[in-house]
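In: Here is my input; please provide its structure:
(2 chains)
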Amino acid sequence: MNDNKPILRYNANERSNHWVVAILFVLAGLSGLALFHPALFWLSNLFGGGPWTRILHPFIGVAMFVFFLGLVLRFWRANFITANDRLWLRRVDQVMLNKEEGVPPIGKYNAGQKLLFWTLLVCMLVLLVSGVVIWRAYFSHLFGIEVIRLSALLHALAAFVLILSIIVHIYAGIWIKGSIGAMLHGWVSRAWARKHHELWYREVTGDKTPGNHGRKEG
Amino acid sequence: MASQDIIARSATTTVPPSVRQQQEVAKLIDTTKCIGCKACQVACSEWNELRDEVGHNHGTYDNPQDLTAETWTLMRFTEHERDDGNLEWLIRKDGCMHCAEPGCLKACPSPGAIIKHANGIVDFNQDHCIGCGYCITGCPFNIPRISQKDHKAYKCTLCSDRVTVGLEPACVKTCPTGAIVFGTKDEMKVHAAERIVDLKSRGYDKAGLYDPDGVGGTHVMYVLHHADTPKLYAGLPDQPVISPLVGLWKGFTKPLALLAMGAAVLAGFFHYVRVGPQRVEEDEHPIPADESVHQVDPSVHVYDPTKPGGQGEQRP
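Out: Next up is the predicted model:
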């Protein structure tokens, strides 16, 4: 076994796509939060004032959706829920405590990452559709007032769920050392892959030997 | 404008200045006296220096067809056939109702773009307007319009500039039949009550005042011959309220959502403090490779062109 040879987890296109979406999310999130609650209206100053925030937000949102679709096309196959995922979710309390007893080996993504993927997809779709309806400059005149009111509500709700999900996503990156590197430069260590994504590790390395899963960690 | 203290302000969570007491004003529109001459529309355009584009005649007396950013008041004509077969021409001067609980103000995300004065006038401050159109979403009467020229919202100001200096609104000033009157809200209610007694004595049993409770009352009120069915008057809402969807969108849910987002960030921070990060131990103390053992990396396949039949399993 060569423990020093790292594994490429994300190639350059995948990484770039992810970070384009991430940057657009931050911009859409900040401009959206400016209009979400008066306490955050000052964020509109980051975009050149209230009118510019209103003008830019929907365009940023549409761009985010388009690039997010790129991520969906790249990763959706790896995000099907499997039997192992249900077991993983039942053991999520162990995972949260950095313990590994009874936590099943997982593939490229664990159940938490998969749920995040599908939650993001639903939120993005709701945001796109409701956002078009409440896009006053171009589209709102095409819709009835009740549809617009419902869309305004759904837009805020989906944005709330999306932001919460991304908070979890960012924290998971900070918590699990090595995962930010996977998305920044693309490489993970073999030990990292074996520990966090054992089935994926065996798949990409062709390693048939059962891993050291279940070994107690400190 | 000390005479028009602001007592409510859009997208503002603290209490605005509200010490001074002021009498609420109201405009009373008596639909039973209106002759549909549109002098009020002209007076509004003239005083506010608005010149809407000349449109087309669509075969009705409504002209223009709808309120716009440059038409803040509009006569809406309804031909109503009564049960006894007689025709009634119901004419309603449409425009902002200046609600005590304005849906536009509740929905507006821009601090100070919509204000309510102590005298009850609801005013748009276009300088602070960002053009999102949420006021339209919030309004139960379908009044605000976004201008295609400057993307700001406009509507009737109840001539707040005139009222400030003790004048009546331009439409009131010009009305030739006295169908539009202006004064304190209490006076207008008394005036309306007298009109309603008169109307009832002349056979309009259902005559009444339109001052809907659902929006806390309005500072533009109607005397209607058919107060039991306001809908007759070109769709005047029977029981206008701020839509529950808007209430949910702009109500208690938003501070709760902010709190939840903040809590999520804090939860992450304290998880890190209490449980700590997940590190892969081997990364920090890599197990040194044993030189005596020949290592085979199964992911590495070596192709040696010097060996014949190089298609097969070839590993170093």
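
In: on contacts alone, who are the packing partners of the helix or strand harbouring B:Phe269?
Out: Following DSSP states H and E, one finds B:Phe269 within helix B:253-274. Judged by 3 or more Cβ pairs under 8 Å, 6 or more residues apart in numbering or on different chains; DSSP states H and E, helix B:253-274 is in contact with helix A:12-36, helix A:145-175. All C-beta atoms are positioned from the backbone trio N, CA, C, and that covers glycine.

In: rerun that using 7 Å as the cut-off
Out: Under the contact definition 3 or more Cβ pairs under 7 Å, 6 or more residues apart in numbering or on different chains; DSSP states H and E, helix B:253-274 sits against helix A:145-175.

In: tell me the mean pLDDT over the helix or strand following the helix it packs on?
Out: The helix or strand immediately downstream of helix A:145-175 is helix A:179-184, counting by DSSP H and E. Mean pLDDT, helix A:179-184: 94.

In: cool, and stretch B:118-128?
Out: 95.

In: List the contacts of it.
Out: By Cβ atoms under 7 Å, 6 or more residues apart in numbering or on different chains, the surrounding residues in contact with stretch B:118-128 are B:4-5, B:7, B:20, B:22-26, B:96, B:98-100, B:102, B:105, B:110-117, B:152-155, B:157-158, B:160, B:163, B:185, B:219.

In: now, which of these lie close to chain A?
Out: B:Ser110, B:Pro111 (Cβ under 7 Å from any Cβ of the partner chain).

In: Cross the contacts of stretch B:118-128 against helices and list the overlap.
Out: B:Leu105, B:Ser160, B:Val163, B:Lys185 (DSSP state H).

In: is the closest residue to the first one other than its chain neighbours in a bridge, and if so with what?
Out: Once flanking residues are discounted, B:Leu105 sits nearest to B:Ile114: 4.4 Å by Cβ to Cβ, 6 or more residues apart in numbering or on different chains. Note on B:Ile114: beta-bridge partners by DSSP bridges are B:Phe124.

In: Can you pull out the low-pLDDT segments for chain A?
Out: A:1-3, A:208-218 (pLDDT under 70).

In: ok, how many other residues are close to the closest residue to A:Leu8 other than its chain neighbours?
Out: Distances taken as Cβ to Cβ, 6+ apart place A:Gly186 nearest to A:Leu8, at 5.4 Å, with adjacent residues excluded. Neighbourhood size, A:Gly186 [other Cβ atoms under 10 Å in any protein chain shown]: 16.

In: Next one: A:Gly186 from A:Leu120, what distance?
Out: According to Cβ to Cβ, to the nearest Å, A:Gly186 stands 21 Å off from A:Leu120.

In: quick one: low-confidence ranges for chain B?
Out: Where chain B drops to pLDDT under 70, the residues are B:1-4, B:282-316.

In: What segments of it are helices?
Out: B:39-48, B:103-107, B:134-138, B:160-164, B:170-174, B:185-201, B:244-250, B:253-274, B:281-284.

In: now those helices in a markdown table, with distance to A:Arg149 and mean neighbour count?
Out: Shown next, in a markdown table, are the helices of chain B (distance: least, Cβ to Cβ, whole Å; neighbours: other Cβ atoms under 10 Å in any protein chain shown):
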| stretch | distance to A:Arg149 | mean neighbour count |
| --- | --- | --- |
| helix B:39-48 | 29 | 19 |
| helix B:103-107 | 9 | 26 |
| helix B:134-138 | 6 | 27 |
| helix B:160-164 | 28 | 18 |
| helix B:170-174 | 30 | 21 |
| helix B:185-201 | 29 | 16 |
| helix B:244-250 | 4 | 19 |
| helix B:253-274 | 14 | 13 |
| helix B:281-284 | 53 | 14 |
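
In: List of residues touching stretch B:32-40?
Out: By Cβ under 7 Å, 6+ apart, stretch B:32-40 touches B:61, B:73, B:75, B:77, B:91, B:93, B:171, B:174-180, B:199, B:223, B:225.

In: Likewise for stretch B:239-253?
Out: Under Cβ under 7 Å, 6+ apart, the answer for stretch B:239-253 is A:149-150, A:152-153, A:156, B:101, B:103, B:106-107, B:137-138, B:140-141, B:212, B:214-215.

In: hmm, which two among those residues are most spread apart?
Out: A:Ala156 and B:Pro212 (27.4 Å; Cβ to Cβ).

In: Please name the residues that touch residue 145.
Out: Just so you know, I chose chain A. A:Ile145 touches B:Asn142, counting by Cβ under 7 Å, 6+ apart.

In: Can you look at chain B instead?
Out: By Cβ under 7 Å, 6+ apart, the neighbours of B:Arg145 are B:Leu67, B:Thr68, B:Ala69, B:Ala153, B:Tyr154, B:Lys155.

In: Give me the distance between it and chain A.
Out: Distance of B:Arg145 to chain A, computed by Cβ to the nearest Cβ, to the nearest Å: 11 Å.

In: tally of neighbours for the closest residue in space to that residue that isn't next to it in sequence?
Out: Once flanking residues are discounted, B:Arg145 sits nearest to B:Ala69: 4.6 Å by Cβ to Cβ, 6+ apart. By other Cβ under 10 Å, 20 other residues sit near B:Ala69.

In: my read: B:Ala8 touches B:Val15, true?
Out: No: contact between B:Ala8 and B:Val15 fails when scored by Cβ atoms under 7 Å: they sit 9.4 Å apart.

In: Compare those two (neighbour count), which wins?
Out: Shown here are B:Ala8 and B:Val15; by other Cβ under 10 Å, B:Ala8 has more neighbours (19 against 9).

In: On the strand side of things, show who the more buried one bridges to.
Out: Bridge pairing for B:Ala8 (DSSP bridges) gives the partners B:Lys116.

In: Contact partners for it?
Out: Contacts of B:Ala8 (Cβ under 7 Å, 6+ apart): B:Pro16, B:Leu105, B:Ile115, B:Lys116.

In: same question, B:Val42
Out: Neighbours of B:Val42 in contact, by Cβ under 7 Å, 6+ apart: none.

In: For chain A, see how far away it is.
Out: From B:Val42 over to chain A (counting by Cβ to the nearest Cβ), the distance is 27 Å.

In: So A:Lys114 versus A:Arg77, what's the distance?
Out: Using Cβ to Cβ, one obtains 11 Å as the distance from A:Lys114 to A:Arg77.

In: With neighbour numbers in mind, choose between those two.
Out: A:Lys114 (22 against 8).

In: Report how many residues lie close to residue 16.
Out: In the absence of a named chain, chain A is used. The burial count for A:Ser16: 13, using other Cβ under 10 Å.

In: The intended chain is chain B.
Out: When neighbours are defined as other Cβ under 10 Å, B:Pro16 has 14 of them.

In: and what of A:His141?
Out: 11.

In: Leaving out sequence neighbours, find the closest residue to B:Cys99.
Out: B:Cys99 sits nearest to B:Val215 (Cβ to Cβ, 6+ apart), 3.9 Å away.

In: thought the one you found was touching B:Cys104?
Out: No: using Cβ under 7 Å, B:Val215 is not in contact with B:Cys104, being 10.7 Å away.

In: Assign a three-state SS to A:His141, would you?
Out: Secondary structure state of A:His141, per DSSP: H, G, I helix; E, B strand; the rest coil, is helix.
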